[in-house]
Each structure stands twice: as structure tokens, then as C-alpha cells.
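Student: turn this into a structure:
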Amino acid sequence: MTGWIVLVVLVLLIVWVVVMYNNLVTLKNQVQNAWQQIDVQLKRRHDLIPNLLNTVKGAMEFERDTLSRVIEARARAVGATTVSGKGEAESMLTQALGKLFALVENYPELKSNQNILQFQEELTSTENRIGFSRQFYNDIVAQFNTKQEVFPVNIVAALFGFKRSEYFQAETAAREVPKVDLSLKK
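Tutor: Predicted coordinates:
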């Protein structure tokens, strides 16, 4: 009789471990999928920037420094490989683009250019998508990380080597309003 009880308890324990493992795998895959959604939007953003820069390049002769900062920030963002690295690089790119758009306001011929207005709209739309994707990703990461910390699931997570995922956060500098000097210095 005790042999049957031990067998039933052992089977229940194995079933429980399998269910917890499968839940962790499901959450891990959701984190990866959510990251891929962010990556798609970031690629879209990166692809729009060269066209925008080509459109404004000729008219913004005095602003070569701003244009080169956007180019450098884009290159860094494209080359970033880790979640925290992408977060930092994307923050720098957001700052550079913010300054560029603020400067565009100082050039009437650019301000009314339909191509620039279209690029601004596309980038704004893409920024919104990135924001929604970031929020979804961070929500899934929170669920995954919390699940790994809760007893007794934390034992299964440690047993099978699950690791916490990183949040995708904007750096503090990207949250600040860019400072722009619109005086045309010579």
C-alpha cells in the first residue's frame, strides 16, 4: 500500500515538474517573440532614417554636425546586439532624431516639404509601435522573471538553468527633452 502512495506522489511530482517546465518554456518563447516584434519595428525605423537624411541634407547646410550625429547613432543602433545595448543605442538615436526634427522647424522650406512630413509621420508611427512593443515585451519579461522567482517554481527554473530576461528600457537621456539652439551661428 505504501508503495502505491509513494508511486502516486512521485508521478504527481513528475507531472508538476513537467507542467512548471512547460510554463517556463512558454514564457521564455513569448519573451523571444516579443523581442522579435520590437526588432522588426527598430529595423523599420533604421530603414527610414537614411531616406529622411537624404531629403534634408541639402537644405541643412549649417547642420552637418546634427546630421552626422543621427548617422552615427543609427549605425550604433543597427550594430547593437544585446537588449541593454539596443536600449542605450536607441535612446541615443531618439535624442539625435529629436534634435533633427527640432532643427527642421527652423527651415521653412523643409517644414513644408511633403517628403519630410511623410517621413516624420512614418517615424512617429514607428515610434508608437516601438513603444507598444516595448511595453508588451517588458510585461512578458516581468511575468517570466516573476515566475522564476516564485517558490517552488524557482527550484524548477534553477534545475533547468532558466535565466532572467532583461527589460528593454529607454535611457534617462532619451526621456529628456532635447536642448536645441536655433540661432544660426556663423
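Student: does Arg164 really touch Thr146, like I thought?
Tutor: No: contact status for Arg164 versus Thr146: not in contact, 9.9 Å apart, counting by CB atoms under 8 Å. In short, each C-beta sits where N, CA and C put it, glycine included.
Student: low-confidence stretches in this structure?
Tutor: 58-62, 170-186 (pLDDT under 70).
Student: next secondary structure after the helix ranked longest in the chain?
Tutor: What stands out as the longest helix in the chain, according to DSSP state H, is helix 2-57. Moving toward the C-terminus from helix 2-57, the next helix or strand (DSSP states H and E) is helix 64-79.
Student: give me the residues contacting that next one.
Tutor: Residues lying outside helix 64-79 but in contact with it, judged by CB atoms under 8 Å, 6 or more residues apart in numbering, are 42, 46, 49-50, 53, 56-57, 60, 86, 89-90, 92-93, 95-97, 99-100, 103.
Student: from these, which would you call buried?
Tutor: Under a neighbour-count criterion of 16 or more other CB atoms under 10 Å, the subset of the contacts of helix 64-79 counted as buried comprises 42, 46, 49, 53, 56, 60, 86, 89-90, 92-93, 95-97, 99-100, 103.
Student: can you list the residues that contact stretch 112-128?
Tutor: Identification of contacts with stretch 112-128 by CB under 8 Å, 6+ apart yields 41, 44-45, 48-49, 51-52, 55-56, 94, 97, 101, 104, 110.
Student: can you pull the buried residues of that stretch?
Tutor: Going by neighbour count (16+ other CB under 10 Å), the buried part of stretch 112-128 is 113, 116, 119-120, 122-123, 126.
Student: go on, stretch 72-86?
Tutor: Neighbour-count burial for stretch 72-86 flags 73-74, 76-78, 80, 83, 86 (criterion: 16+ other CB under 10 Å).
Student: then that stretch to PDB, C-alphas only?
Tutor: What follows is stretch 72-86 as a C-alpha-only set of coordinates in PDB (Å, rounded to 0.1, in the frame of the first residue of the first chain):
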ATOM      1  CA  GLU A  72      26.400  57.700 -36.000                       C
ATOM      2  CA  ALA A  73      23.500  57.000 -33.700                       C
ATOM      3  CA  ARG A  74      21.800  54.900 -36.400                       C
ATOM      4  CA  ALA A  75      24.900  52.900 -37.100                       C
ATOM      5  CA  ARG A  76      25.400  52.200 -33.400                       C
ATOM      6  CA  ALA A  77      21.700  51.200 -33.000                       C
ATOM      7  CA  VAL A  78      21.900  48.900 -36.000                       C
ATOM      8  CA  GLY A  79      25.100  47.300 -34.600                       C
ATOM      9  CA  ALA A  80      23.800  46.800 -31.000                       C
ATOM     10  CA  THR A  81      23.300  43.100 -30.100                       C
ATOM     11  CA  THR A  82      22.100  42.900 -26.500                       C
ATOM     12  CA  VAL A  83      18.900  44.200 -25.100                       C
ATOM     13  CA  SER A  84      20.600  46.800 -22.900                       C
ATOM     14  CA  GLY A  85      22.900  47.700 -25.700                       C
ATOM     15  CA  LYS A  86      20.000  48.300 -28.100                       C
END
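Student: thank you kindly, that will do.
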